[in-house]
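Chemist: Show me the folded form of this:
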Amino acid sequence: MSGVADSRSQRDRDAALDRLRGASAHRSGERDEVLARVAWSTVVEPGDADAGQLVARLGAGRSIRAALAALDSGPAELAELLVGAGAGAGAVAGAGVGTGTDAGARGSVDSVDSVDSVGSAGSAVGACDEDEVRDRLVESTAAALVPAIARWRPRLLRFDVDAVLSAASVIGCALVVPGDPDWPAGVDDLGPHAPLVLWRRGAPCTAGRPSVAVVGSRANTVLGAEAAAEITSAAADVGCVIVSGGAHGIDAVAHRVAMAAGAPTVAVLAGGIDQLYPAANTAMLRAVAEHGALLAECPPGTRPSRWRFLARNL
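Modeler: Reported below is the predicted structural model:
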């Protein structure tokens, strides 16, 4: 019976993913990576550079499995994988994992090759054995990973990808990942802080079009509202997508002026795609979804928080 249940669960997961991914669902070999990205998005907060670096270096599936294993066995295996991928303590600490030491920050597996290229084999071995360098690098990388694993532990122990896919299917949103035609390429400039996935309600209106972000104070002045309206109107007139955060004040001005001008507008939410916040702007946000799109980095059901507002505005 368990085999039948597992098979049904797999079919339900595949069907939900097909609904959420649309035409992108059948990109070869991507299904497991997409599911792993969804898993990571339920574990970390927006802008988590540690997770972003792991996914970039190891892939989403490999990195989430290694992170789960690290809960019981510690971060040594994950550190081994990173060093093997050419990302030692220097790369990890640079992305924000732990604090790192000066020695760890300077070390990398590339340093062994550079020593061999500029000196004789004998002098290189005399200065520092290659295996010893690698062992020390793994050790320092593992130490740098400890705070990240501790931070992720509560959610790693209880994340439920099937529940997220089911909730997203009920909402009727789309799941977008890097490499999709409708992935907003501008977010890639965030590097390891970039979203792992995006949830979208509305049309894929940003692909191939210039965009302008117009954000500002919730308690704006009349002069500020006029300036925001002028900027938004000028950008809309030349075919730009207007991006803002759906909040009171300047954000609302930007969205409303864009819709009045017939230009597509995108609201980037600070919670899940089903969390239309603030409540007073619910009608406006629904109109944004009809005229453009709502985007969210957090999985459905995630409540807005002060930290997520700050991360969104980056």
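Chemist: Model confidence score at the residue nearest in space to the middle of the chain, please.
Modeler: The C-alpha lying nearest the average C-alpha coordinate of the chain belongs to Pro195 (Cα atoms, centre = their mean; 2.0 Å). Here the pLDDT value assigned to Pro195 is 95.
Chemist: need the contact list for it.
Modeler: By Cβ atoms under 8 Å, 6 or more residues apart in numbering, Pro195 lies in contact with Ser41, Pro46, Val187, Glu297. Yep, even glycine has a C-beta here, placed from its N, CA and C like the rest.
Chemist: Pull out the buried positions in stretch 242-250.
Modeler: Buried residues in stretch 242-250, defined by neighbour count with 16 or more other Cβ atoms under 10 Å: Ile242, Val243, Ser244, Gly245, Gly246, Ala247, Gly249, Ile250.
Chemist: Mind exporting the C-alpha coordinates of that stretch to CSV?
Modeler: What follows is stretch 242-250, C-alpha atoms only, in CSV (Å, rounded to 0.1, in the frame of the first residue of the first chain):
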residue,chain,number,x,y,z
ILE,A,242,6.7,50.0,-14.0
VAL,A,243,7.9,48.0,-10.9
SER,A,244,7.0,48.8,-7.3
GLY,A,245,6.1,47.2,-4.1
GLY,A,246,2.3,47.6,-3.7
ALA,A,247,2.6,49.6,-0.5
HIS,A,248,0.9,52.9,0.6
GLY,A,249,2.3,56.2,-0.6
ILE,A,250,4.7,56.3,-3.6
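Chemist: what ranges do the strands span in the stretch 51-200 of the chain?
Modeler: 174-176, 198-202 (DSSP state E, counting those that start in this stretch).
Chemist: Reformat these as a markdown table; add mean neighbour count, distance to Arg31 and mean pLDDT.
Modeler: A markdown table is the format used below for these (neighbours: other Cβ atoms under 10 Å; distance: least, Cβ to Cβ, whole Å; pLDDT from 0 to 100):
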| stretch | mean neighbour count | distance to Arg31 | mean pLDDT |
| --- | --- | --- | --- |
| strand 174-176 | 24 | 12 | 96 |
| strand 198-202 | 23 | 18 | 96 |
